[in-house]
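S.K.: starting from these lines, generate the structure:
(2 chains)
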Amino acid sequence: MFSDMFYKLLENHIFLIGIWETLYMTLISTAFAYLLGLPLGILLNVTDRGGIYPMPAFNSVLGAVVNAFRSVPFIILMVALLPVSNLILGTSLGNAAMIVTLIIAAAPYVARMAESSFKEVDAGVIEAAQAMGTPTFKIITKVLLPEAKPALIVGAVISTVTILGYSAMAGTIGGGGLGQIAISYGYQRYNDDIIWVCVALTIIIVQVLQEIGMTLARRTDKRIR
Amino acid sequence: MIEIRNVSKTFKTEHGDFTALKNVSLTINDGEIFGIIGLSGAGKSTLVRCINLLERPTEGDVLLDGVSLVALPRKELLKTRRSIGMIFQGFNLLAQRTALKNVCYPLEIAGYSRADAESRARELLELVKIADKAGSYPSQLSGGQKQRVAIARALATNPKVLLCDEATSALDPNTTQSILELLKDINQKLGVTIVVITHEMRVIDQICDRVAVIEDGIIVEEGPVSRVFTNPQSNMGRELILSGVRHIERVVGEKKLRVIFNGESTYEPVISNMILETQTCVGILYADLRARDGKDYGYTVIQLPDDERAVEKIYAYLDGRGMKYAEEV
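M.R.: Numbering: from 1, shown residues only, chains lettered A, B, ... in the order given. A predicted model of the protein is given here:
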């Protein structure tokens, strides 16, 4: 039923290594993308016209930069950003180099995701915080972030799945993971079964991540009881 | 004391400038409950936000105990806001915090330790009679309960002033009643000056000492509730307060009737009973009556409604009582 290649890969734990590589590329990239993207999202929200610290000109410029990054298809952005990896790590090959490009490509996406989560926070609650004499920075830490937390978690799940998809493309330009296995052992050597195994494994990973994230979001949210 | 001095507020919109407040001046004394009434869009919400500078006046000044808030540096302004509590129509509680933690919020901002904040918050929940809900989240509370938590939160930092922006407009009549009683209670117990913004005259009537009527960003009338409510001078005041009376003016027509009292009725308020029994409104234009031995002598001139069937009912009632009457020209 399966090809010889499948058994060979299984014997050498290639699938397990692939799962591991996909997971750590995705999770590390997501974590760093949030480190960059979350502050950007806060800035986008706070400096918006109706935000708590309006700076319309700055907001437009930042918005334009974020949009520019988001307009470029990931596979092109990834290739374009390889020199950046080279600059930071001294190499443009391997998983570490892929993580650098993934972070830069995903951060603007995360920024917009976070921005939309902050938009959900009731304007009246922010007004109440201002009426109680809350300084702008504390509104971010004590109102915006805690009140948006459930939405941020949902956003993080969606971002993680998107970045997992991006990480598969990394297989085409020298990264590892399930994407690379599917392409080099499956597609390029005509082993359809390997492609389908990788697809199935990816679906399972996404399902598990989704389930964990959504449960977390539900548990955190005190609005629905 | 709050002094609002010549405050104007202009908003820049896509369709040009919109002036929400025009040269408003008001003085609100310590310890009083001051009402501001107006239709929606009259500028009352903007006015109340000018008191704690959530909206910065385009012109004019706001003084709290003689200190100009407009001139305060931002840091000082934030500190001053702790002495001005505020509650809202939509309650505006933090949805991800329990009732207790909501009341803790302003205390955390003011730099209280966690333990101090919690013990003070418990006192306040006790004061607003909702201590049993300390661990509940806003989504688990009713509207009235949420407003009680909001009041506790607004009072946490011992403010001198409490601003209420349509605080009962989202509540049913019974809950409104209990929240108004709570506000009155707080005013008396703690001596907090309360500013109430509302479109409901009932709210003003029940708790306010003085009232200002606002229309299109202008204060058209101001005075003690007892005076403004019995004898409003402005058109808007009359519209808001005497809306029921206007209704009667419309149904009463041109025809007048002289009802003659010849001692037929004994201790009976004939005209009142006639109105009640026939369910028709009449205007009383003139009366000259004398009571002798419990009997009325004299006449009353009433204005009849235009509706002929209603007039027939009135005639029938008077006939039934054996009253004499004559149409006036």
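
S.K.: for the rest of this, base every contact and every neighbour count on C-alpha atoms.
M.R.: Will do.

S.K.: up against chain B, what does chain A have?
M.R.: With the criterion set to CA under 8 Å from any CA of the partner chain, chain A comes near chain B through A:122, A:124-125, A:127-135, A:143, A:146-147, A:221-225.

S.K.: can we see that at 6 Å?
M.R.: Residues of chain A found near chain B (CA under 6 Å from any CA of the partner chain) are A:124-125, A:132-133, A:147, A:222-223.

S.K.: any low-confidence regions in the stretch 151-300 of chain B?
M.R.: For the stretch 151-300 of chain B, residues meeting the criterion pLDDT under 70 lie at B:242-252, B:265-267, B:293-294.

S.K.: grab the nearest non-local neighbour of whichever residue of it sits closest to chain A.
M.R.: Closest contact between the stretch 151-300 of chain B and chain A, by CA to the nearest CA, is at residue B:154 (7.7 Å). With sequence-adjacent residues excluded and distances taken as CA to CA, 6 or more residues apart in numbering or on different chains, residue B:154 is closest to residue B:85, at 4.5 Å.

S.K.: how many residues are close by the one you found?
M.R.: 29 (other CA atoms under 10 Å in any protein chain shown).

S.K.: also residue B:124?
M.R.: There are 24 residues near residue B:124, going by other CA under 10 Å.

S.K.: repeat that for residue A:52.
M.R.: By other CA under 10 Å, 19 other residues sit near residue A:52.

S.K.: from chain B, how far off is it?
M.R.: Counting by CA to the nearest CA, to the nearest Å, the gap from residue A:52 to chain B is 11 Å.

S.K.: check contacts around that residue.
M.R.: With contact taken as CA atoms under 6 Å, 6 or more residues apart in numbering or on different chains, residue A:52 is in contact with residue A:46.

S.K.: how about it, secondary structure?
M.R.: coil (DSSP: H, G, I helix; E, B strand; the rest coil).

S.K.: what helices and strands are in contact with the strand or helix carrying residue A:214?
M.R.: In this structure, residue A:214 is located in helix A:192-220 according to DSSP states H and E. Helices and strands touching helix A:192-220, by 3 or more CA pairs under 6 Å, 6 or more residues apart in numbering or on different chains; DSSP states H and E, are helix A:145-169.

S.K.: got the angle for the helix holding residue A:214 vs helix A:145-169?
M.R.: Angle, helix A:192-220 to helix A:145-169, by axes from the mean of the first three to the mean of the last three CA atoms, to 10 degrees: 180 degrees.

S.K.: the residue in the stretch 51-200 of chain B that chain A sits nearest to: how many residues sit nearby?
M.R.: For the stretch 51-200 of chain B, the residue closest to chain A is residue B:78, as judged by CA to the nearest CA, at 4.1 Å. Neighbour count for residue B:78, taken as other CA under 10 Å: 20.

S.K.: so who does the closest residue to it other than its chain neighbours touch?
M.R.: In this structure, residue B:78 finds its nearest non-sequential neighbour in residue A:133, 4.1 Å apart by CA to CA, 6+ apart. Residue A:133 makes contacts with B:78, B:81-82, as judged by CA under 6 Å, 6+ apart.

S.K.: of these, which is the nearest to residue A:76?
M.R.: The closest of those to residue A:76 turns out to be residue B:78 (CA to CA; 48.9 Å).

S.K.: the closest one: what secondary structure?
M.R.: What three-state DSSP gives for residue B:78 is helix.

S.K.: can you check residue B:9 too?
M.R.: Relying on three-state DSSP, one would call residue B:9 strand.

S.K.: correct me, but it touches residue B:57?
M.R.: Yes. Using CA atoms under 6 Å, residue B:9 is in contact with residue B:57, at 5.0 Å.

S.K.: which residues sit against the lengthiest strand in chain B?
M.R.: Looking across chain B with DSSP state E, the single longest strand is strand B:252-266. The contact list for strand B:252-266 (CA under 6 Å, 6+ apart) reads B:294-306, B:324-328.

S.K.: narrow those residues to those that are buried.
M.R.: The neighbour-count criterion (16 or more other CA atoms under 10 Å in any protein chain shown) marks B:295-297, B:299-305, B:325 among the contacts of strand B:252-266 as buried.

S.K.: how about residue 54: what's its closest non-neighbour residue?
M.R.: Unless you meant another one, I'm taking chain A. Nearest residue to residue A:54 in three dimensions, chain neighbours excluded: residue A:47, at 4.2 Å (CA to CA, 6+ apart).

S.K.: oops, chain B please
M.R.: residue A:131 is the one closest to residue B:54 (CA to CA, 6+ apart), at 6.7 Å.

S.K.: same deal with residue B:131?
M.R.: Spatially, and ignoring its direct neighbours in sequence, residue B:131 is nearest to residue B:125 (4.7 Å; CA to CA, 6+ apart).

S.K.: identify the residues contacting stretch B:85-95?
M.R.: Against stretch B:85-95 from outside (CA under 6 Å, 6+ apart): A:124-125, B:138, B:147, B:154, B:159, B:162-167.

S.K.: restricted to strands, list those residues.
M.R.: B:162-165.

S.K.: closest one of those to residue A:152?
M.R.: Ranked by distance to residue A:152 (CA to CA), the ones in strands among the contacts of stretch B:85-95 are led by residue B:165 at 31.0 Å.

S.K.: list the contacts for the closest one?
M.R.: Counting by CA under 6 Å, 6+ apart, residue B:165 makes contact with B:88, B:197.

S.K.: rerun that using 10 Å as the cut-off
M.R.: Shown in contact with residue B:165 (CA atoms under 10 Å, 6 or more residues apart in numbering or on different chains): B:36, B:44-46, B:48-49, B:86-91, B:195-198.
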